[in-house]
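[1] sequence unavailable; structure follows:
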């Protein structure tokens, strides 16, 4: 089977945490990412629940998302806040 490369940037702490969990599961990061992609392709959705931002100025959230994607990790942000920032960027 032919493959294609996917390059992503992840903060080092998250990378180490995820790789430890995957190791405990007997899985490589490549296998996990392939499963993630296949699930999205099969269901046409993310394999977890997402919700739109309920509060906050969308332009502020978009600015925070841009800072995050420029490598300024939001380590103190909750998963819900990061999802809200991401979802605000869609508008």
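    Nice, I can see it. All figures in this text were calculated on a predicted structure; none of them were measured in a lab. Numbering: from 1, shown residues only.

[2] now do the helix or strand where residue 38 lies: which elements does it pack against?
    Under DSSP states H and E, the secondary-structure element containing residue 38 is helix 29-43. Here helix 29-43 is seen to pack against helix 12-24 when contacts are counted using 3 or more CB pairs under 8 Å, 6 or more residues apart in numbering; DSSP states H and E. Using the backbone N, CA and C atoms, a C-beta is placed for each residue, glycine as well.

[3] and the helix it packs on, what does it pack onto?
    Using 3+ CB pairs under 8 Å, 6+ apart as the contact definition, the elements that helix 12-24 packs against are helix 29-43.

[4] what's the angle between the helix it packs on and helix 12-24?
    Interaxial angle of helix 29-43 relative to helix 12-24 (axes from the mean of the first three to the mean of the last three CA atoms, to 10 degrees): 90 degrees.

[5] as a whole number, average confidence for helix 29-43?
    For helix 29-43, the per-residue pLDDT values average out at 92.

[6] can you pull out the residues in contact with it?
    With contacts defined as CB atoms under 8 Å, 6 or more residues apart in numbering, helix 29-43 is touched by 6, 18-19, 22, 46-47.

[7] domain-wise, how is this protein divided?
    According to automatic domain parsing, the chain is divided into the following domains: 12-43, 58-88.

[8] out of the contacts of helix 29-43, what pair is the most spread apart?
    Across the contacts of helix 29-43, the two members that end up farthest from each other (CB to CB) are 19 and 46, 21.3 Å apart.

[9] quick one, which of the two is more surrounded?
    When neighbours are counted by other CB atoms under 10 Å, residue 19 comes out ahead of the other of residue 19 and residue 46, with 15 against 11.

[10] ok, now how distant is that one from residue 49?
    Distance, residue 19 to residue 49, by CB to CB, to the nearest Å: 25 Å.

[11] give me the pLDDT value at residue 77.
    On pLDDT, residue 77 comes in at 60.

[12] same check, this time on the one 5 residues further on
    Confidence per residue is given as pLDDT, and for residue 82 that number is 66.
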